[in-house]
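Trainee: dropping a prediction and its sequence here:
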Amino acid sequence: AQSVTQLGSHVSVSEGALVLLRCNYSSSVPPYLFWYVQYPNQGLQLLLKYTTGATLVKGINGFEAEFKKSETSFHLTKPSAHMSDAAEYFCAVSQYNFNKFYFGSGTKLNVKP
Amino acid sequence: EAGVAQSPRYKIIEKRQSVAFWCNPISGHATLYWYQQILGQGPKLLIQFQNNGVVDDSQLPKDRFSAERLKGVDSTLKIQPAKLEDSAVYLCASSYTGTSSSFVDEQYFGPGTRLTVT
């Protein structure tokens, strides 16, 4: 069985500060990992994904995430927060042969001026 | 490229009434997904279609929920009768491939339908 845990349902940072959103997963096989962003009243948009290869993955809008197998983590970071980053972020894990995604409960990011 | 389309965007019904949601995936995408997103939670997969066949409906409450994708393109999700706990956003997503693939495809999401059951 696969599952995703996102620590912190709400995270608040100041504009220009580091953004760190945590994601831990459990998977019986090598996972495929994703981060999605959801703006109010909109669907989910892919930020970045890890499938194989380089463990540091760069995505859109300056976000990146690092796959750490030993820690079963896939934390999302951005060096400098912008007001437009305020949204809800979801981590998801999948197995390659079913394309079935398991989502975490989400983290709402608030960016203070 | 047009995205995933869903309608209606909002729906308010009374409990025990029925409701239907429509989804048009991205052209050429073989796999279609319906998710339920309850406030404060992540999306939960209800049903997954590969072309017009069901791949996974293990989380679909089959006594009240039904879904179809007759021609392997558009899909409808129906709830009959609705309960208060069905209040949620219903998201449709699609991907180019799905099962029987050696890799995982990105899922593209529609804007969702917000259902309120009173």
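Mentor: Noted; the coordinates are in hand. Treat the numbers as computed from the prediction; the structure is a model and nothing was measured. Numbering: from 1, shown residues only, chains lettered A, B, ... in the order given.
Trainee: give me the residue at the spatial middle of chain B.
Mentor: residue B:34 (2.3 Å; CA atoms, centre = their mean).
Trainee: burial check on residue 81, number of neighbours?
Mentor: Unless you meant another one, I'm taking chain A. 22 (other CB atoms under 10 Å in any protein chain shown). For every residue, glycine as well, the C-beta is placed using N, CA and C.
Trainee: I was thinking of chain B, sorry if that wasn't clear
Mentor: Using other CB under 10 Å, residue B:81 has 15 neighbouring residues.
Trainee: give the next helix or strand downstream of the least confident helix or strand in chain B by mean pLDDT.
Mentor: Across the helices and strands of chain B, mean confidence by mean pLDDT, DSSP states H and E is lowest for strand B:53-56: a mean of 90. Sequence order places strand B:65-68 as the next helix or strand after strand B:53-56, per DSSP states H and E.
Trainee: for whatever helix or strand comes next after that next one, which positions count as buried?
Mentor: For strand B:65-68, the following helix or strand on the C-terminal side (DSSP H and E) is strand B:75-79. Buried residues in strand B:75-79, defined by neighbour count with 16 or more other CB atoms under 10 Å in any protein chain shown: B:75, B:77, B:79.
Trainee: how about the nearest residue to the last one, chain neighbours excluded?
Mentor: Take residue B:79 and drop its neighbours on the chain: the residue closest to it by CB to CB, 6 or more residues apart in numbering or on different chains is residue B:19, 5.2 Å away.
Trainee: how near is the one you found to residue A:21?
Mentor: For residue B:19, the distance to residue A:21 equals 34 Å [CB to CB, to the nearest Å].
Trainee: list the contacts of the residue nearest to the centre of chain B.
Mentor: B:23, B:45, B:46, B:47, B:48, B:67, B:75, B:77, B:90, B:91, B:92 (CB atoms under 8 Å, 6 or more residues apart in numbering or on different chains).
Trainee: distance check, it against residue A:80.
Mentor: Distance of residue B:34 to residue A:80, given as CB to CB: 37 Å.
Trainee: residue A:47: what's it in contact with?
Mentor: So residue A:47 contacts A:34, A:35, A:36, A:37, A:59, A:60, A:61, A:63, A:76, A:89 (CB under 8 Å, 6+ apart).
Trainee: quick check: the second one is in a strand.
Mentor: Meaning residue A:35. Yes. Residue A:35 forms part of a strand when assessed by DSSP: H, G, I helix; E, B strand; the rest coil.
Trainee: beta partners for it?
Mentor: residue A:48, residue A:91 (DSSP bridges).
Trainee: surely it and residue A:63 touch.
Mentor: Yes. Here residue A:35 lies in contact with residue A:63, judged by CB atoms under 8 Å, at a distance of 7.1 Å.
Trainee: between these two, who's got more neighbours?
Mentor: Set side by side, residue A:35 and residue A:63 show more neighbours around residue A:35, with 25 against 20, by other CB under 10 Å.
Trainee: contacting residues for that one?
Mentor: Counted by CB under 8 Å, 6+ apart, residue A:35 has contacts A:21, A:23, A:46-49, A:59, A:63, A:65, A:74, A:76, A:89-92.
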